[in-house]
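Turn this into a model:
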Amino acid sequence: MRLISAADVKQAISMTDAIAAVREGFIALSTAKAQVPLRSALQTADGTTLFMPAYVDQALNSAVKIVSIYPGNARHGLPSIVASVLVLDAGTGQLRALIDATYLTALRTGAGSGLATDLLALPDASILGVIGAGAQARTQIEAVLAVRPIREIRIFSRSGAEMLVAALSASYPDLSIRTAHSASDALRGAQVLIAATTSSTPVIELADVQTGAHINGIGSYTPTMQEVAAEVVTRAKIVVDSRESCLAEAGDLLIPMATGMLDHDAIYAEIGEIAAGLKPGRTSAEEITFFKSVGNAIQDLTVAARVLAAAEAQNLGTIVNF
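Sure, this is the predicted structure:
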């Protein structure tokens, strides 16, 4: 078995490779070539642990991710998301790798939004507005930069925005990157909007969303969490990572559905359907598009498989008898 650290993951795979991996995974998911049972959740007093298995037909590997979401970890100097992926030989069930998936989770989530931005955002989108400044926000930004000619980034968060702006400015010195004074300051005039928070109340309001904008909503992952206001969702072309998962977990959709503002058939497509060419993506420069993701184990499987292949080729990680 190969133990693969977060540093190994970063060396093994680029964001561009991760976007390609999740594209393959979402196509398999939306064309009935993948098995992805609904994730199960274990609730503790301070957080939630999720168990997420996945398999693509005829693939060499299957995988199970175990991810813990503990918002209070920041006060202990720990990441709020802690995760591992077990990669299994699909032919024998033997354990092939244990991968530190704390970074991999942020990477694959960013890659999902990168794919959605590539398929749905205006081709010349140049201004990015971000709500949230955690680990997810960093890879969300990296993914959007991989697929669109962004020249300006505005970030608003209750904490951490200045630190993220400083880090990004060092990595992307040619871009205009600044801390926003409010959510409106970050979002107004932006063609791509990101919500990467754990908020239970909307952080993206209709007044801050311009015609033709694309929104990635990735922070809320329970029926009671809502990052994007219902008035925005009802105006948008809604694309999801998985219909089944979003109709079970996405408060951004379930809350307006519960009040009668949104019908269950309002979801336009899964992102895999658009990636596979089964449905068109954006069809006009005026429409607002909204990609809602609650996270799917197919992303973990396809990215982890690429990481393992690269680790084997580059001799990354540590081999242990198990």
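
Which positions in stretch 152-159 come out as buried?
Under the neighbour-count criterion of 16 or more other CB atoms under 10 Å, stretch 152-159 has 153, 154, 155, 156, 157 buried. C-beta: built from backbone N, CA, C; applies to glycine.

quick one: which of the residues you listed is nearest to residue 245?
Checking the buried residues of stretch 152-159 against residue 245 with CB to CB, the nearest one is residue 157 at 26.2 Å.

Please look at the closest one and residue 129 and confirm they touch.
No. Residue 157 is beyond contact range of residue 129, at 11.9 Å (criterion: CB atoms under 8 Å).

got any ranges where the stretch 151-300 of the chain has weak pLDDT?
In the predicted model of the stretch 151-300 of the chain, no residue satisfies pLDDT under 70.

quick one: the strands in it?
152-156, 176-179, 192-195, 214-217, 237-240, 267-270, 289-292 (DSSP state E, counting those that start in this stretch).

Turn the ones you listed into JSON lines, including distance to residue 43.
Output for the strands of the stretch 151-300 of the chain, formatted as JSON lines (distance: least, CB to CB, whole Å):
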{"stretch": "strand 152-156", "distance to residue 43": "30"}
{"stretch": "strand 176-179", "distance to residue 43": "34"}
{"stretch": "strand 192-195", "distance to residue 43": "23"}
{"stretch": "strand 214-217", "distance to residue 43": "23"}
{"stretch": "strand 237-240", "distance to residue 43": "24"}
{"stretch": "strand 267-270", "distance to residue 43": "27"}
{"stretch": "strand 289-292", "distance to residue 43": "22"}
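
what's the offset of stretch 233-240 from the middle of its chain?
17 Å (CA atoms, centre = their mean, to the nearest Å).

and what of stretch 147-163?
From the chain centre to the centre of stretch 147-163 is a distance of 16 Å (CA atoms, centre = their mean).

what does that stretch rub up against?
The contact list for stretch 147-163 (CB atoms under 8 Å, 6 or more residues apart in numbering) reads 19, 114-115, 117-118, 121, 123-134, 137, 141, 144, 164-165, 168, 175-183, 185-187, 190, 192, 197.

Ends of it, what's the gap?
By CA to CA, to the nearest Å, the extent of stretch 147-163 from end to end equals 24 Å.
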